[in-house]
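Engineer: Show me the folded form of this:
(one chain, ligands or ions: 10)
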Amino acid sequence: MVLTTTAAALLCLSACVSTSLAAAHAQNSTYYNPILPGFHPDPSCIFVPERDSTFFCASSSFNAFPGIPIHASKDLQSWKLIGHVLNRREQLPRLAETNRSTRHVGIWAPTLRFHDGDFWLVTTLVDDDRPQTDFSRWDNIIFKGKDPFNQGSWSNAIHFNFTGYDTEPFWDVDGKVYITGAHAWQVAPAIQQAEVDLETGKVSEWQNIWNGTGGMAPEGPHIFRKDGFYYLLAAEGGTGLDHRVTMSRSKNINGPFESNPANPVLTNANTTSYFQTIGHADLFKDGDGNWWGVALSTRSGPDYINYPMGRETVMTPVSWPEDKWPVFSQVSGKMSGWPMPPRASSQDLHGVGPFITEGDQVDFPPNSSLPAHFTHWRFPAPEAFTVSPASNPHTLRISPSALNLTALNGNYAGPGGQSFVGRRQQDTLFTYRVDLDFSPSALEEEAGVSAFLTQNHHLDMGIVLLPASASTAAFPGAKQVTTTPTDPSALIPHVRFRGISYVAVPPPVVASLPPAWANRTLTLEIRASNASHFAFSVWPAAARSEAQTVIVASNAPVSWGFTGVLLGVYCTSNGHNGTTPAYVSKWRYTGDEQFRD
Ligand SMILES: *[C@@H]1O[C@H](CO)[C@@H](O)[C@H](O)[C@H]1NC(C)=O
Ligand SMILES: *[C@@H]1O[C@H](CO)[C@@H](O)[C@H](O)[C@H]1NC(C)=O
Ligand SMILES: *[C@@H]1O[C@H](CO)[C@@H](O)[C@H](O)[C@H]1NC(C)=O
Ligand SMILES: *[C@@H]1O[C@H](CO)[C@@H](O)[C@H](O)[C@H]1NC(C)=O
Ligand SMILES: *[C@@H]1O[C@H](CO)[C@@H](O)[C@H](O)[C@H]1NC(C)=O
Ligand SMILES: *[C@@H]1O[C@H](CO)[C@@H](O)[C@H](O)[C@H]1NC(C)=O
Ligand SMILES: *[C@@H]1O[C@H](CO)[C@@H](O)[C@H](O)[C@H]1NC(C)=O
Ligand SMILES: *[C@@H]1O[C@H](CO)[C@@H](O)[C@H](O)[C@H]1NC(C)=O
Ligand SMILES: *[C@@H]1O[C@H](CO)[C@@H](O)[C@H](O)[C@H]1NC(C)=O
Ligand SMILES: *[C@@H]1O[C@H](CO)[C@@H](O)[C@H](O)[C@H]1NC(C)=O
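Structural biologist: Ligands and ions are numbered 1, 2, ... in the order given. So this is what the prediction gives:
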């Protein structure tokens, strides 16, 4: 009797607790897109009950290093950077050699999955130098990890052969493991599949399983088994304004796959929405059994001209009744969706990086290392970056690379690399600012700040040593002192703005530094004054009142392609012999406003 009573009490207790927990968050949620603002394309997200009921999302990183960021959340609202899958050179040495930044080289769409106690990340390192038909152009790779909170636990890349991209693993109920991928679209566009040994990369013959619904480049496949069907989620139409998500299903993993009559299941093509290019989705089920979709999107409106943050991660609720096709909600800035776990549950997330909404206040204290969200372009040269050197504590010393941010016409920069480190632009309006100590002594030595998208798309404002004759502009507001050198060949420090892009950029601005500013700590700032323009300004750190806006430039030149803007600092000798390092301090990034419509 006593036992029965206790059992009944326990039953009641667990039932009552789960009822009241459900009641505590039974209200549909209101949340905001993008969930991961800034350069976070091609999202792949999972929910892992076995790891403290945590959500994890991976995104593409192209040539950025560390690469393949992982964000985690417990509540679907606060997302924290917890590490990068690609965090050590030896995991994938070939990232150093991707050539032709003119195209879209580097790490393309990853798929993140959890299976039987292990995390798996499957992706492709693309090298445009090789022909489309050559599998060596598509370096398909598998990373295995025990714990994404400990980024050192990710394995080195395991390679497999596939002439395509957007590869993902799928574990069938019979124990067989498959890789699904997008066959190189300029060759024979199709979703293909093979059996795989994930530990070795050995693959069987590739089979076409679906050709999509006729849109360009069927890609981004993800397979889900539900109610006896294999559902195949894909993207079509290319990653621009015509991007869309489509679905098909089959009772058999090998097909034939029947197309959903309601396709496309998710798109903002041909709408006036601020959120465009929606596609490349993934699906996951939360702890309450509700489905969510994530996808990439560009906050550009249909004009598609000013979108420096590139392709970002958005989330949308999905209803997926038994035996039926899933229905996605339209993506917008303010969303209503399934109930979410209580907001506070993310606060105990540990992990090396910041929450996505945090700004920067980085002072490079002694014995610290670069923050986890600081990003280079390919691997940094060893010794190029020193945090708080003994001679200049509380600074970041950057030794110059011979090649600048363009390097050789946008191609591989060689082992010397490019001395650049940045962080993602994550807010429509922001203020990014550093202090710079830099005393160039050789021609073309330069250090400054950049809004960097690719090697062929960046807007830079630097301090550079040039002949006095190079000046094309003066600072009207600055106190000009009469002792300005008159010898036109004398090398004097200048402020130089210049940009490069496939889109028209304003001509360079080259202004000699006011002599009174020489060898003083200068503050360099990039500020998004509105959604379409960046203002580049400079002033002596100790004299804000002397601030000069060098240019207010459209951000259209850094709105292009597959990546998103990194705001950062660089130091280069521009192909000359200079070796003078730059000392960066007081690194600040503040999100000022997020536009959602
Ligand atoms: C990179 O590509 C350019 C242009 O095709 C070529 O000239 C150069 O040799 C390539 N560099 C490497 C390291 O492969
Ligand atoms: C990929 O194909 C090449 C050429 O056929 C072969 O040498 C290599 O061993 C293959 N790699 C794997 C992982 O199967
Ligand atoms: C896809 O299209 C090709 C022709 O381009 C055709 O040979 C193939 O059978 C199609 N595959 C499927 C699964 O429909
Ligand atoms: C958008 O409209 C164009 C022109 O009518 C059409 O070709 C295209 O398929 C539409 N895109 C989507 C995703 O519906
Ligand atoms: C809650 O959100 C889901 C997913 O968007 C939707 O299907 C459902 O109708 C919503 N419920 C209410 C009561 O609004
Ligand atoms: C930095 O580390 C060194 C060596 O571990 C130590 O001697 C020194 O006291 C540390 N300095 C600070 C400011 O923590
Ligand atoms: C600034 O520093 C450089 C290098 O140390 C030196 O050559 C130059 O004379 C200094 N300029 C002024 C105005 O102090
Ligand atoms: C944004 O700022 C630029 C430069 O000041 C200005 O030309 C443009 O009209 C502004 N755009 C809007 C929408 O206010
Ligand atoms: C980059 O450096 C090259 C020389 O290596 C030079 O020709 C080019 O003008 C520079 N461009 C930029 C935008 O820095
Ligand atoms: C680099 O220095 C060497 C030796 O002083 C000189 O011959 C060469 O012209 C310099 N190169 C450049 C690009 O300044």
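Engineer: could you pull out the strands for the stretch 101-250 of the chain?
Structural biologist: Counting by DSSP state E, counting those that start in this stretch, the stretch 101-250 of the chain has strands at residues 106-107, 111-115, 118-126, 138-145, 158-160, 164-171, 177-183, 191-197, 202-203, 207-210, 219-226, 229-236, 244-250.
Engineer: Adjacent strands (with direction) for the third one?
Structural biologist: Applying DSSP bridges, strand 118-126 is found paired with strand 106-107 (antiparallel), strand 111-115 (antiparallel), strand 138-145 (antiparallel).
Engineer: How far off centre is it?
Structural biologist: Computed by CA atoms, centre = their mean, to the nearest Å, the separation of strand 118-126 from the middle of its chain amounts to 16 Å.
Engineer: before we move on, what about the last one?
Structural biologist: Relative to the centre of its chain, strand 244-250 is centred 26 Å away, using CA atoms, centre = their mean.
Engineer: Need the residues that contact that strand.
Structural biologist: Under the contact criterion CB atoms under 8 Å, 6 or more residues apart in numbering, strand 244-250 has outside partners 210, 212-213, 215, 218, 229-237, 256-260, 263-267, 269, 278-281, 293, 295, 325-326, 328. The way it works is simple: take the backbone N, C-alpha and C, and place the C-beta from them, glycine included.
Engineer: Buried ones among those residues?
Structural biologist: Neighbour-count burial (16 or more other CB atoms under 10 Å) applied to the contacts of strand 244-250 gives 210, 212-213, 215, 218, 229-237, 257, 259-260, 263-267, 269, 278-281, 293, 295, 325-326, 328.
Engineer: Tell me which of the strands of the stretch 101-250 of the chain sits nearest to ligand 9.
Structural biologist: Closest approach to ligand 9 among those is made by strand 106-107 (20.2 Å; CB to the nearest ligand atom).
Engineer: can you tell if stretch 396-412 touches ligand 1?
Structural biologist: Yes: contact of stretch 396-412 with ligand 1 (CB under 6 Å from any ligand atom) involves Asn411, Tyr412.
Engineer: Keeping just the C-alphas, turn that stretch into PDB.
Structural biologist: Provided in PDB are the C-alpha atoms of stretch 396-412 (Å, rounded to 0.1, in the frame of the first residue of the first chain):
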ATOM      1  CA  LEU A 396      47.900  44.000 -30.100                       C
ATOM      2  CA  ARG A 397      51.100  44.200 -32.100                       C
ATOM      3  CA  ILE A 398      50.600  43.400 -35.800                       C
ATOM      4  CA  SER A 399      53.700  42.800 -38.000                       C
ATOM      5  CA  PRO A 400      53.100  43.800 -41.600                       C
ATOM      6  CA  SER A 401      52.500  41.300 -44.300                       C
ATOM      7  CA  ALA A 402      54.300  42.200 -47.600                       C
ATOM      8  CA  LEU A 403      50.900  41.700 -49.300                       C
ATOM      9  CA  ASN A 404      48.000  43.900 -48.600                       C
ATOM     10  CA  LEU A 405      44.300  42.900 -48.200                       C
ATOM     11  CA  THR A 406      44.000  42.400 -52.000                       C
ATOM     12  CA  ALA A 407      47.300  40.500 -52.200                       C
ATOM     13  CA  LEU A 408      48.000  39.400 -55.800                       C
ATOM     14  CA  ASN A 409      44.800  40.400 -57.700                       C
ATOM     15  CA  GLY A 410      42.800  38.600 -55.100                       C
ATOM     16  CA  ASN A 411      44.700  35.300 -55.300                       C
ATOM     17  CA  TYR A 412      46.500  33.200 -52.800                       C
END
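Engineer: does ligand 10 sit close to that stretch?
Structural biologist: No: Stretch 396-412 does not reach ligand 10 (CB under 6 Å from any ligand atom); its nearest approach is 8.9 Å.
Engineer: Report the mean confidence score over that stretch.
Structural biologist: Averaging pLDDT along stretch 396-412 gives 93.
Engineer: if I look at Glu358, how far off is Arg423?
Structural biologist: When distance is defined by CB to CB, to the nearest Å, Glu358 is 11 Å away from Arg423.
Engineer: which residues are common contacts for the two?
Structural biologist: By CB under 8 Å, 6+ apart, no residue touches both Glu358 and Arg423.
Engineer: Can you classify the residue of the stretch 301-450 of the chain found nearest ligand 4 by secondary structure?
Structural biologist: Going by CB to the nearest ligand atom, ligand 4 is nearest to Pro302 of the stretch 301-450 of the chain, at 10.6 Å. Classification of Pro302 by DSSP: H, G, I helix; E, B strand; the rest coil places it in coil.
Engineer: which stretches of the stretch 451-597 of the chain have low pLDDT?
Structural biologist: Within the stretch 451-597 of the chain, the segments meeting pLDDT under 70 span 476-486.
Engineer: who's more crowded, Glu358 and Arg423?
Structural biologist: Arg423 (22 against 14; other CB atoms under 10 Å).
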